[in-house]
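A.B. asks: fold the following and give me the result.
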Amino acid sequence: MNRKQLLLTLAATVTVMTMLACGAGSGDTSSSVSGGDGKSVEAAPEPTTAVGKIGQTITLNSEFLGDKTVVEVTVGGAKQHTKEPGAYGSKPEHGVFLVLDVTAVCKQGKYHANPFNFKFVAKDGTVTEQALAIGFKPELHGTDLAAGQKTAGKIVFDVSKAALTGGRIQIDGVGLDSNTPAAYWAL
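C.D. replies: Model (predicted):
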């Protein structure tokens with residue numbers, strides 16, 4: 001390989017790496033909401049987040065380098081508990097355990113369903129990660145899903161009662177957008 005070919009190869013590699021780091025062609029996750037009242041709400045074409053109500057299904061779509069992922073996620077059954085089930089169940093540190101039922105169905109591509117894909121976001125923007133409360137069964141476990149597969153389980157947040165008013169459940173995006181909010185369910 002001569003010097004000119006080496007420089008061109010290096011320049012192409014740097015360009016691709018810069019595009020990926022900056023999000024060019026990142027396969028932004030889009031989302032839409034359906035269920036509940038039977039109406040479907042589509043997210044705007046630019047990267048935005050859909051907002052549904054507890055019990056509605058949100059569809060996440062992502063495409064990157066020809067690989068398309070479509071997953072339907074439903075968050076429902078929101079219940080508050082002041083103690084974990086069982087004789088030795090712990091009490092929440094912040095007020096209540098908010099327990100939700102999650103179902104993820106992979107319609108196309110591959111999807112890693114994980115309880116850590118979800119966060120509780122209070123009205124003031126305070127974000128709460130999932131609580132360590134293992135007494136609520138069945139738990140949602142990290143699972144790789146292929147098209148046609150599904151998983152379900154419970155996720156738990158330890159939040160103050162006041163934070164519940166106006167609170168939302170956030171789900172992260174798919175693939176390269178996994179650290180970006182993709183959609184929310186309003187409580």
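
A.B. asks: now do the contacts for residue 98.
C.D. replies: Counting by C-beta atoms under 8 Å, 6 or more residues apart in numbering, residue 98 touches 78-80, 120, 156-159, 164. Glycine gets a C-beta too; all of them are placed from N, C-alpha and C.

A.B. asks: pLDDT-wise, which helix or strand of the chain ranks last?
C.D. replies: Lowest on mean pLDDT, DSSP states H and E among the helices and strands of the chain sits helix 3-22, with a mean of 42.

A.B. asks: all strands for this protein, in order.
C.D. replies: Counting by DSSP state E, the chain has strands at residues 30-34, 41-42, 50-53, 57-64, 67-81, 96-108, 110-113, 118-121, 127-128, 143-146, 150-159, 168-172, 181-186.

A.B. asks: quick check: buried residues in the fourth one?
C.D. replies: Taking 16 or more other C-beta atoms under 10 Å as the neighbour-count basis, strand 57-64 is seen to contain the buried residues 57-64.

A.B. asks: next, count neighbours for the closest residue to residue 90 other than its chain neighbours.
C.D. replies: Distances taken as C-beta to C-beta, 6 or more residues apart in numbering put residue 84 closest to residue 90, at 5.2 Å, once the chain neighbours are dropped. By other C-beta atoms under 10 Å, 18 other residues sit near residue 84.

A.B. asks: how close does residue 84 get to residue 177?
C.D. replies: 33 Å (C-beta to C-beta, to the nearest Å).

A.B. asks: then residue 113?
C.D. replies: Per C-beta to C-beta, residue 113 is found 15 Å from residue 177.

A.B. asks: tell me which of the two has more neighbours.
C.D. replies: For the pair residue 113 and residue 177, the greater number of neighbours falls to residue 113 (23 against 20), based on other C-beta under 10 Å.

A.B. asks: please name the bridge partners of the more buried one.
C.D. replies: Counting by DSSP bridges, residue 113 forms beta bridges with residue 143.

A.B. asks: report pLDDT for it.
C.D. replies: Turning to residue 113, the model gives it a pLDDT of 96.

A.B. asks: list the contacts of it.
C.D. replies: Per C-beta under 8 Å, 6+ apart, neighbours of residue 113: 71, 102, 104, 140, 142-145, 151.

A.B. asks: filter those residues down to the buried ones.
C.D. replies: Among the contacts of residue 113, those scoring as buried are 71, 102, 104, 140, 143, 145, 151 (criterion: 16+ other C-beta under 10 Å).

A.B. asks: what's the closest non-adjacent residue to the third one?
C.D. replies: Right, the one you point to is residue 104. Sequence neighbours aside, residue 113 is the residue nearest to residue 104 in space, at 4.1 Å (criterion: C-beta to C-beta, 6+ apart).

A.B. asks: what stretches of the protein score poorly on pLDDT?
C.D. replies: Low-confidence segments of the chain, defined by pLDDT under 70: 1-48.
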